[in-house]
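> Just the structure for this:
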Amino acid sequence: MRLTQLTVIAAAAGVIATPLAIAAPASATAAGSGSAFGIAATGLVTIPPTPAVSSEAEQPARKRLAGLPSNPLASASVLSVSAWAGHGRASVTELRLAKAGLSAKLVFAKCENGNGISHLGKATLSGKKLKVSPKPNTGLTVPIQGVGTASVILNKQVQGPGGGITVTAIELTLHLAAGKTQTVSIASVTCGPAKSETPPPGDPGTPSPTPTTSAPPGEAPAPTPVPGDIPVTG
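This is a model prediction of the structure:
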């Protein structure tokens, strides 16, 4: 389908919008935070992060959606997301982007305390099978007949300040005529590292330095007593 046809279909669906950057689920700088979304798109067709959730609580916050709202770009059966302190999960089943030649039985991403992975179940792009567990930031470019070319990043991982990470299982960009683009992000999660615990003052793990006193000139310094029940190593 040519660019003009895609534009007409999108306009009829009422989803044409000025291209915007896809909103990140949450800042990866916040220690112990987590967030996730199922699918989002920008370009000729705009889909806000759907469904989306973020949380810093100890118990997961969850959202589940049976199918996407009607649009001319993507379809899916079930989209599930969850997030809690330092964790994020996102899965999309029965994904189909007909115009991009992309389909998958399952697209899944997760992150835990600043580390993440992605899995693709029976995924194909323009007839080419995609790996189940692609390496981080695996890039592909394929021609899409009647549309243009598609640039894809599988298991996209972006490190954030403070040890956080954003993992997107599939990020696809269609390069259309007249310099137009259409970007779709599928199964994206963001999480910060686990909160570090600082031992309280006086804890054996953080011993305080022993103060020293200066002796008057010509005199030996007074000895510092050492309790007999403290083990000495060395």
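> which stretches of the chain form helices?
For the chain, the helices defined by DSSP state H cover 3-13.
> Quick check: residue 56 touching residue 34?
Yes. Residue 56 is within contact range of residue 34, at 7.4 Å (criterion: CB atoms under 8 Å). Quick note: C-beta positions are derived from backbone N, CA and C, even for glycine.
> and the two? which has more neighbours close in?
residue 34 (32 against 18; other CB atoms under 10 Å).
> which ones are touching that one?
Counting by CB atoms under 8 Å, 6 or more residues apart in numbering, residue 34 makes contact with 26, 54-56, 83-88, 111, 189-192.
> so where is this structure shaky, pLDDT-wise?
Along the chain, the model assigns pLDDT under 70 to residues 1-31, 194-234.
> again, 90 this time
1-33, 99, 144-148, 160-163, 177-179, 192-234 (pLDDT under 90).
> ok, the closest residue in space to residue 47 that isn't next to it in sequence to residue 145 distance?
The shortest distance from residue 47 to any non-neighbouring residue, by CB to CB, 6 or more residues apart in numbering, is to residue 41 (4.0 Å). Residue 41 is 21 Å from residue 145, where distance means CB to CB, to the nearest Å.
> where along this protein do the strands fall?
34-42, 47-55, 61-66, 78-84, 87-97, 102-112, 115-121, 124-125, 128-129, 138-144, 148-159, 165-175, 181-191 (DSSP state E).
> of all those strands, which gets the most neighbours per residue?
Each of these was assessed for mean neighbour count using mean count of other CB atoms under 10 Å. The highest is strand 34-42, with a mean of 28.
> quick one: strands adjacent to that strand?
strand 47-55 (antiparallel), strand 181-191 (antiparallel) (DSSP bridges).
> and those strands as CSV, adding distance to residue 96?
Output for the strands paired with strand 34-42, formatted as CSV (distance: least, CB to CB, whole Å):
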stretch, distance to residue 96
strand 47-55, 14
strand 181-191, 11
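> coming back round to it: tell me, what's touching residue 56 and residue 34 both at once?
84-85.
> wait, which of the strands paired with strand 34-42 is closest to residue 117?
Checking the strands paired with strand 34-42 against residue 117 by CB to CB gives strand 181-191 as the closest, at 9.9 Å.
> Taking strand 102-112 as reference, get the angle to the closest one.
Relative orientation of strand 181-191 versus strand 102-112 (axes from the mean of the first three to the mean of the last three CA atoms, to 10 degrees): 30 degrees.
> Tally up the residues packed near residue 178, please.
Neighbour tally, residue 178, other CB under 10 Å: 6.
> Please apply the same query to residue 85.
There are 20 residues near residue 85, going by other CB under 10 Å.
> From residue 96, how far off is it?
Taken as CB to CB, the span from residue 85 to residue 96 is 34 Å.
> same check, this time on residue 116
On the measure of CB to CB, residue 116 and residue 96 end up 25 Å apart.
> cool, residue 119 as well?
Residue 119 is 18 Å from residue 96, by CB to CB.
> Likewise for residue 175?
Using CB to CB, we find residue 175 at a distance of 20 Å from residue 96.
> before we move on, what about residue 167?
Applying CB to CB to residue 167 and residue 96 gives a distance of 22 Å.
> ok so, going back, save the strands of the chain as a markdown table, and put in distance to residue 72 too.
Formatted as a markdown table, the strands of the chain follow (distance: least, CB to CB, whole Å):
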| stretch | distance to residue 72 |
| --- | --- |
| strand 34-42 | 11 |
| strand 47-55 | 11 |
| strand 61-66 | 18 |
| strand 78-84 | 18 |
| strand 87-97 | 10 |
| strand 102-112 | 15 |
| strand 115-121 | 24 |
| strand 124-125 | 19 |
| strand 128-129 | 24 |
| strand 138-144 | 15 |
| strand 148-159 | 16 |
| strand 165-175 | 13 |
| strand 181-191 | 11 |
